[in-house]
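Engineer: What follows is a predicted structure for the sequence shown.
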Amino acid sequence: MHQEAITADQLTPSGQLRHLLHLRGLDRRIILDMLERAQSYVRPLDQVPARDDCLAGQTVANLFFEASTRTRASFELAAKRMSADVLNLDVNMSSRKKGESVLDTIYTLQAMGVGIFVIRDASAGIPALIATRVEPHINILNAGESDVSHPTQGLLDILTIRQHKGRLDNLTITIIGDIAHSRVARSLTEGLAILGDNDIRLVAPPGLEPDPALYPGTRITDDVDAAIETADVIVTLRIQKERIKEKSGLMTNHEYLKAYGLTAKRLERARPDAIVMHPGPMNRDVEIEGSVADGPQSVITQQVTNGLAVRMAILATIARR
Amino acid sequence: MHQEAITADQLTPSGQLRHLLHLRGLDRRIILDMLERAQSYVRPLDQVPARDDCLAGQTVANLFFEASTRTRASFELAAKRMSADVLNLDVNMSSRKKGESVLDTIYTLQAMGVGIFVIRDASAGIPALIATRVEPHINILNAGESDVSHPTQGLLDILTIRQHKGRLDNLTITIIGDIAHSRVARSLTEGLAILGDNDIRLVAPPGLEPDPALYPGTRITDDVDAAIETADVIVTLRIQKERIKEKSGLMTNHEYLKAYGLTAKRLERARPDAIVMHPGPMNRDVEIEGSVADGPQSVITQQVTNGLAVRMAILATIARR
Amino acid sequence: MHQEAITADQLTPSGQLRHLLHLRGLDRRIILDMLERAQSYVRPLDQVPARDDCLAGQTVANLFFEASTRTRASFELAAKRMSADVLNLDVNMSSRKKGESVLDTIYTLQAMGVGIFVIRDASAGIPALIATRVEPHINILNAGESDVSHPTQGLLDILTIRQHKGRLDNLTITIIGDIAHSRVARSLTEGLAILGDNDIRLVAPPGLEPDPALYPGTRITDDVDAAIETADVIVTLRIQKERIKEKSGLMTNHEYLKAYGLTAKRLERARPDAIVMHPGPMNRDVEIEGSVADGPQSVITQQVTNGLAVRMAILATIARR
């Protein structure tokens, strides 16, 4: 099923956020408001987590057609801390007739009073398809969609950058890895394009470069050392080990680390105050050296904390309608 | 293990509902009270779902020995909206010594303070077996038992019929499909027999007809067109695709649709205000044409909404003891 | 990965309980306080279970790397009845690089505001490894660790003994089964050694005897009849059926029952008021005769009730810090 062409309006008729399917085309104001609210939910980890009763009595369903421990946990805790009832459904479906079965599942849950659906799917177009078919009071949140979109990841990355750099403009941001298949890179660059004018450098091994049309205003290269030069922010992406073999012949994990991984040595080329990000889960000593992941420039666990805050903020935003 | 012969009293010594194992033999008053209460829990879907604190502090365990996304979700949300703590246990057990292991699991959960067990099982007799062994304060709710019983489905079907027809008497109700293996047909006809005098027609392909002794007062036929004639209510049942092959040789899905499915053309034989029901999940264009499932006479998603209300009502009924 | 050598301090710098990894070395006062508090959470099963709001707003993650329906359910309900948000994660990980992946999972959840981790793992050393790496405000509770430790089981066994015997001193306690692989036997004897001077007899079939260095002050034997003589408490352990074959050649379940199982006949050798315990799940008529498990001297389901109370007490103890 190829449904990437389906588009759904993310806003209500009165211009409020209704669905979050992708960051592309979102109003700058909406994004900044969500970042602001997310920031208000960030607490020191040794304190009791922030709570809100925005969703008291409402039901959120986490509908994960693709397995994910981390993102599922983050959305589950976000909804619980907003006082919602949470329904977790890990659903395996064969690809044939999938769209139809997914919709019947959604209609069923909608009829049970589920008001907010968090959807993760390995194929493109499912969240938008659902958004076009549900009742007007329903909200759809995209929790990761094929290679196409992962908007909450984009927002948490942007929040993390702003916390450290104090701005979202005039930054040099280098993203390294399998850009061709990265919904993380897509959503981050979509969001940054709305918020400021930044020098975005995309580094991909040969064969894993993205379609340039999907990344307007960025520079695509395979020269990792040059791309790190003077970077303010370095985002390393998880590489699927099968892809290394497929695309790079007999390159071992160690050879990949040497060629494209973020090693301590390579990091020296960036600005001394550059931050290191990774969406997780990491392959240590493949795309990122363990000492860098745990080093002083790493903000990787802070990204996780921000992820929960961002998801709470999105729930609050759509609940306010 | 063949335990269908086990029977358990569904009432307390003082005549209140304690377990819900089957509708057969239930007092008309108890059923009508539950329908009344269920109706009070139905809300427009764009409003916050109904809640009650009947079960505050109590624990409900959903013990599903047979997988079910929809029924599990419905019972889980019903219990949460009644303010209970909910424990979900999907348990796979080999059939050998199953009864014994099930009972040890129940005793263990009972000792943890679980007060209400929602049981789904692919073999007959397990809910009644459990009901005869637990402590007097424990309630057992049958969430689907082999080919034998699915009382909450029966109640939600009856509630849906009453909402549309305003009565539960003097109706023509046609049930089509694999009646021989249908706990849905069993519970619906058991419930209807208590509530009124109706013309119930059971349509099954050859080889899938039920034992007439289990369906007193009904008409069993394989002439689907005649059975639909002037029907007020048409219930289509899910057909397991393997059964089509087994019983009907090389009949394809499309041939089944033509022979026994509820097509738009066939529906014209019913009354113009006839309602179309299906317990879900549907095989679209096998037992029911997609356009009928989505058409103006379909009340299929309303059945789902009623299912949640009925399950809340049952929880309220047993909690009141 | 062999990490049994890793040790972690279970107390805070000020001497309060922080982690519960094993009973060995715990202060007598801490154990007695937990037993006291656990006792206060025990309610008749036909009453609403005890609740506490000690953990309101806090998040407990049940991280089970080894499957367990019973212990998981017990910890889940304990946390919910203490008003915590609960996150259940059943994680399968290949053994290679496991320590590293486990830690990254922990760091991720810690960054989401999880404050208490309940860990079950089939390999030794993981709970202690985690305890040495987490932030100072985090608590680790061991829910079963290889053959090494199962401290909440030890505490619930001790609570059960005290309820029946009124003391934890001067008792004859016989433990029968695969002692060599029993974390239950380890934790119970560790706890008893702290609390009193008891005659502890360990009965194992040949080949399943424990390392005597791990069980100081106990008697190890394979003469089950002599060991039961005048016992106050008899603990039967689950035997893995594969082990019977492996160690005892062609011994059948029935032969095992005759040779080492707790039969009604054998039980007559104990004191008339001796209690019979089993950590569950039981193999009826293998290590314990069904009639004994269900008989008047059995306190097996009471152990389950005490297990929940003990887990609530531990949560309360670490929450009070």
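Structural biologist: Nice, thanks for sending it over.

Engineer: Chain A against chain B: which residues are in contact?
Structural biologist: A:57-59, A:61, A:85, A:87, A:89, A:91, A:100-101, A:104-105, A:107-114, A:135-137 (Cβ under 8 Å from any Cβ of the partner chain). Any C-beta I mention is one placed from the backbone N, CA and C, and that applies to glycine too.

Engineer: gap between A:Pro49 and C:His137?
Structural biologist: 12 Å (Cβ to Cβ, to the nearest Å).

Engineer: Counting neighbours, go ahead and name the busier of those two.
Structural biologist: Taking other Cβ atoms under 10 Å in any protein chain shown, A:Pro49 and C:His137 do not tie; A:Pro49 has more neighbours (24 against 14).

Engineer: can you confirm the more buried one is in a helix?
Structural biologist: No. Applying DSSP: H, G, I helix; E, B strand; the rest coil, one finds A:Pro49 to be coil, outside a helix.

Engineer: Name all residues that make contact with the spatially closest residue to it that is not a sequence neighbour.
Structural biologist: Distances taken as Cβ to Cβ, 6 or more residues apart in numbering or on different chains put C:Gly113 closest to A:Pro49, at 3.8 Å, once the chain neighbours are dropped. By Cβ atoms under 8 Å, 6 or more residues apart in numbering or on different chains, C:Gly113 lies in contact with A:43, A:45, A:49, A:77, A:305, A:308, C:59.

Engineer: Now for the first one, how many residues are close by?
Structural biologist: Okay, so that is A:Arg43. The burial count for A:Arg43: 14, using other Cβ under 10 Å.

Engineer: Was I right to think A:Thr189 contacts A:Ile220?
Structural biologist: No. With contact defined as Cβ atoms under 8 Å, A:Thr189 does not reach A:Ile220; the gap is 11.1 Å.

Engineer: ok, which residues in chain A are in contact with chain C?
Structural biologist: So far as Cβ under 8 Å from any Cβ goes, chain A lies against chain C at A:43, A:45-46, A:48-49, A:51, A:69-70, A:73-74, A:76-77, A:80-81, A:280-282, A:284, A:301-302, A:304-305, A:307-308.

Engineer: give me that answer again for 10 Å
Structural biologist: Residues of chain A lying close to chain C (Cβ under 10 Å from any Cβ of the partner chain) are A:43-51, A:69-70, A:72-74, A:76-78, A:80-81, A:86, A:88, A:280-285, A:290, A:293-294, A:300-309.

Engineer: Just the element for the residue of the stretch 51-200 of chain A found nearest chain C, please.
Structural biologist: When scored by Cβ to the nearest Cβ, the stretch 51-200 of chain A has A:Lys80 as its residue closest to chain C, at 4.8 Å. Element membership of A:Lys80 [criterion: DSSP states H and E] is helix A:69-81.

Engineer: and the next element down the chain from that helix?
Structural biologist: As the chain continues past helix A:69-81, the following element, by DSSP H and E, is strand A:85-90.

Engineer: buried set for that following strand?
Structural biologist: A:85-89 (16 or more other Cβ atoms under 10 Å in any protein chain shown).

Engineer: ok, now which ones touch A:Arg311?
Structural biologist: The contact partners of A:Arg311, taken as Cβ atoms under 10 Å, 6 or more residues apart in numbering or on different chains, are A:20, A:38, A:41, A:71, A:74-79, A:81-82, A:118, A:141, A:143, A:152, A:155-156.

Engineer: how about 8 Å then?
Structural biologist: A:74-75, A:78-79, A:152.

Engineer: same question, A:Leu11
Structural biologist: Counting by Cβ under 8 Å, 6+ apart, A:Leu11 has contacts A:17-18.

Engineer: Which pLDDT does the model give it?
Structural biologist: At A:Leu11, the predicted lDDT confidence score is 96.

Engineer: how much space between it and chain B?
Structural biologist: 18 Å (Cβ to the nearest Cβ, to the nearest Å).

Engineer: For that residue, give me the backbone phi and psi.
Structural biologist: phi -110, psi 160 (degrees, to the nearest 10).

Engineer: Likewise for the one 3 residues further on?
Structural biologist: Per-residue torsions, A:Ser14: phi -90, psi 10 (degrees, to the nearest 10).

Engineer: pLDDT score for it?
Structural biologist: Looking at A:Ser14, its pLDDT reads 93.
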